[in-house]
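>>> Everything below, folded, please.
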Amino acid sequence: MWEEKLKYFDKLVDQCDRFERKGKNMIYTSANGYMFALLNKAGEIGFRLPKPVAAKFMEDHNTGPYYSYGAKMKDYVLVPESLYNNEKLLVDFLNQSYDFVMSLPKK
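Residues are numbered from 1 along each chain as shown. The predicted model follows:
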């Protein structure tokens with residue numbers, strides 16, 4: 001199951017030409033010194049979004065904050081599996097996540 005989620009995560013990232021997937025055990029994307037998309041050991045995907053976008057995403061898609069290794073990840077939302085059939089939407093949010101971290105001060 002985790003391997004299938006990894007393949008799906010990679011499929012989303014492959015549709016974005018401004019960044020690539022990183023990590024072997026901890027799967028993530030990063031830019032500007034910040035991680036912005038994660039695949040945790042439970043096979044859940046999380047995106048880092050600006051607070052207003054994250055709040056709307058959680059409300060619109062009946063989801064909540066994202067946890068990785070038992071810790072609540074600041075500014076991350078859990079991508080519900082019900083959206084996995086809408087790759088176009090998820091790629092759009094993945095790109096928004098990248099744009100968000102690029103707007104932050106460089107680390």
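
>>> what's the following helix or strand after the helix or strand Pro52 falls within?
In the assignment (DSSP states H and E), Pro52 maps to helix 51-60. Using DSSP H and E, the next helix or strand after helix 51-60 towards the C-terminus is strand 65-68.

>>> so what's Tyr69 scoring on pLDDT?
Per-residue pLDDT puts Tyr69 at 87.

>>> SS state for Leu90?
Assigned with DSSP: H, G, I helix; E, B strand; the rest coil, Leu90 falls in the helix class.

>>> While we're on it, how confident is the model there?
Leu90 is assigned 98 on the pLDDT scale.

>>> same thing with the one 3 residues further on?
If you check Phe93, the pLDDT there is 98.

>>> Pretty sure it sits in a helix.
Yes - counting by three-state DSSP, Phe93 is found in a helix.

>>> what's near enough to touch it?
By CB atoms under 8 Å, 6 or more residues apart in numbering, Phe93 lies in contact with Phe47, Leu49, Phe57, Val79. Just so you know, the C-beta spots here come from the backbone N, C-alpha and C atoms, and that holds for glycine as well.

>>> okay if I get those as CSV plus secondary structure and pLDDT?
As requested, these are exported to CSV (DSSP: H, G, I helix; E, B strand; the rest coil; pLDDT from 0 to 100):
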residue, secondary structure, pLDDT
Phe47, strand, 98
Leu49, coil, 98
Phe57, helix, 98
Val79, strand, 98
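
>>> Can you pick out the most distant pair from those residues?
Leu49 and Val79 (10.6 Å; CB to CB).
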